[in-house]
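Engineer: generate coordinates for the sequence data below:
(one chain, ligands or ions: 2)
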Amino acid sequence: MDEKKKKPAAKKPPVSPIIFTERCVGCGTCMQFCKHDVIEADAEDGKPRIKSPWNCPVGCRTCARLCPTGAATFQDEEFFITYLKKRLSSRPPAVQNDTSRREKQYQ
Ligand code: SF4
Ligand code: SF4
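Structural biologist: Numbering: from 1, shown residues only. Ligands and ions are numbered 1, 2, ... in the order given. From the prediction side, this is the model:
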């Protein structure tokens, strides 16, 4: 097939985090644990900045989960939590109980 006639691959919408630099304490955790080369240190202040917003796999929220100050977050965080709660509440009670038992193990 002629290479010129190929349609360009559609880009996924960016699902990268937002970094609120005023909340960031520069601990570097988000950069250390991101395995997809999305975040890099700013040359001036060393704080994280998004380099490759399309590299985040859908569902990865490692940086937001590990950020101690909530500086790394997602625009749709509320939507995501509501979605998860809804999915969990629609499970059979046995599964819900199992989930809450496991949650208690880690508290
Ligand atoms: S969501 Fe995952 S892949 Fe994206 S920046 Fe955070 S740790 Fe990296
Ligand atoms: S984990 Fe949070 S506080 Fe630490 S560098 Fe990243 S955004 Fe800043």
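Engineer: show me where this protein has strands.
Structural biologist: 18-19, 39-41, 48-50, 72-73 (DSSP state E).
Engineer: tell me which of the ones you listed sits nearest to ligand 1.
Structural biologist: Closest to ligand 1 of the strands of the chain is strand 39-41 (Cβ to the nearest ligand atom; 5.2 Å). To be clear about C-beta, it is placed using only N, CA and C from the backbone, and glycine gets the same treatment.
Engineer: who does the closest one pair up with?
Structural biologist: strand 48-50 (antiparallel) (DSSP bridges).
Engineer: what's the closest non-adjacent residue to the spatially most central residue of the chain?
Structural biologist: Closest residue to the average C-alpha location of the chain: Arg61 at 2.4 Å, with Cα atoms, centre = their mean. In this structure, Arg61 finds its nearest non-sequential neighbour in Phe74, 6.5 Å apart by Cβ to Cβ, 6 or more residues apart in numbering.
Engineer: where does that neighbour land on pLDDT?
Structural biologist: Reading off the confidence values, Phe74 has pLDDT 87.
Engineer: got a list of what it touches?
Structural biologist: Each residue near Phe74 by Cβ atoms under 8 Å, 6 or more residues apart in numbering is listed here: Val15, Pro17, Ile18, Arg61, Ala64, Phe80.
Engineer: so which of those reach ligand 1?
Structural biologist: The residues of the contacts of Phe74 that also fall near ligand 1, by Cβ under 6 Å from any ligand atom, are Pro17, Arg61.
Engineer: so which of the contacts of Phe74 is the most crowded?
Structural biologist: Pro17 (26 neighbours; other Cβ atoms under 10 Å).
Engineer: what residues does this protein put near ligand 2?
Structural biologist: So far as Cβ under 6 Å from any ligand atom goes, the chain lies against ligand 2 at 19, 24-30, 48, 67-69, 71-72.
Engineer: quick one: the helices in the protein?
Structural biologist: Secondary structure of the chain, counting by DSSP state H: helices at 29-33, 62-66, 77-89, 93-105.
Engineer: worst mean pLDDT among those helices?
Structural biologist: helix 93-105 (a mean of 60).
Engineer: kindly report the domain assignment for this structure.
Structural biologist: The chain breaks down into these domains under automatic domain parsing: 12-75, 76-107.
Engineer: cool, thanks, talk later.
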